[in-house]
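S.K.: Fold the stuff below for me.
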Amino acid sequence: MEKDLSASVCREVLSLACARISRRLRIQKKWTQEDLAIRSGICQSYISNIEQGKHLISLEKLCTLTEAFEIDLQVCFGYLAKEIGTLMKLREFYLNNYEIFINYRNFGELIRRNINKENLDLDLYL
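M.R.: Okay, the predicted model is just below:
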């Protein structure tokens, strides 16, 4: 199967990666979305949309969040690279094994319904 790297696929995977990382970092700090909103100056509803993978975060907002989380931007990009790699592997598996995922409308729903899982190993779906 040829890999689909269209803009819409890249956008979806990147927004889902940002969602998982933002949520994970916020929960590690034991912050609510409102706490993060106050610390970052980003509206709570926007943070909620980021954490649901509904919005692709801008670079400016990503920098703002890394400051709020007190992590280096390079570290954040490392997290993103790892998460994107995981999501791309899972997406390929999803596309090649659609019958396993009959309860999900699409790949985005699969990730959103499992957003709290620390690891998205393929073993979870076998």
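
S.K.: Looking at Lys3 now. What's its pLDDT?
M.R.: On pLDDT, Lys3 comes in at 55.

S.K.: buried stuff in the worst-scoring helix or strand of the chain on mean pLDDT?
M.R.: Every helix and strand in the chain was compared by mean pLDDT, DSSP states H and E; the lowest is helix 107-113, with a mean of 88. Using 16 or more other C-beta atoms under 10 Å as the test for burial, helix 107-113 gives Phe107, Gly108, Leu110, Ile111, Arg112. (Each C-beta comes from the backbone N, C-alpha and C, glycine too.)

S.K.: if I pick the third one, what's in contact with it?
M.R.: Looking back up the chat, that one is Leu110. By C-beta atoms under 8 Å, 6 or more residues apart in numbering, the contact set of Leu110 is Leu90, Tyr94, Phe101, Tyr104.

S.K.: Reformat those residues as CSV; add distance to Gln33.
M.R.: Shown next, in CSV, are the contacts of Leu110 (distance: C-beta to C-beta, whole Å):
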residue, distance to Gln33
Leu90, 25
Tyr94, 28
Phe101, 29
Tyr104, 25
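
S.K.: Can you select the buried ones among those residues for me in PyMOL?
M.R.: In PyMOL, a selection of the buried entries from these looks like this (16+ other C-beta under 10 Å):
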select buried, resi 90+94+101+104
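
S.K.: Tell me the one of the contacts of Leu110 nearest Ser6?
M.R.: Tyr94 (15.9 Å; C-beta to C-beta).

S.K.: where does the closest one land on pLDDT?
M.R.: As predicted, Tyr94 sits at a pLDDT of 89.

S.K.: Identify the residue spatially nearest to it, adjacent ones excluded.
M.R.: Nearest non-adjacent residue to Tyr94, counting by C-beta to C-beta, 6 or more residues apart in numbering: Phe107, 5.1 Å away.

S.K.: show me the contacts for the one you found.
M.R.: So, once contact is read as C-beta under 8 Å, 6+ apart, Phe107 ends up touching Glu12, Leu90, Arg91, Tyr94, Leu95.

S.K.: All set, thanks.
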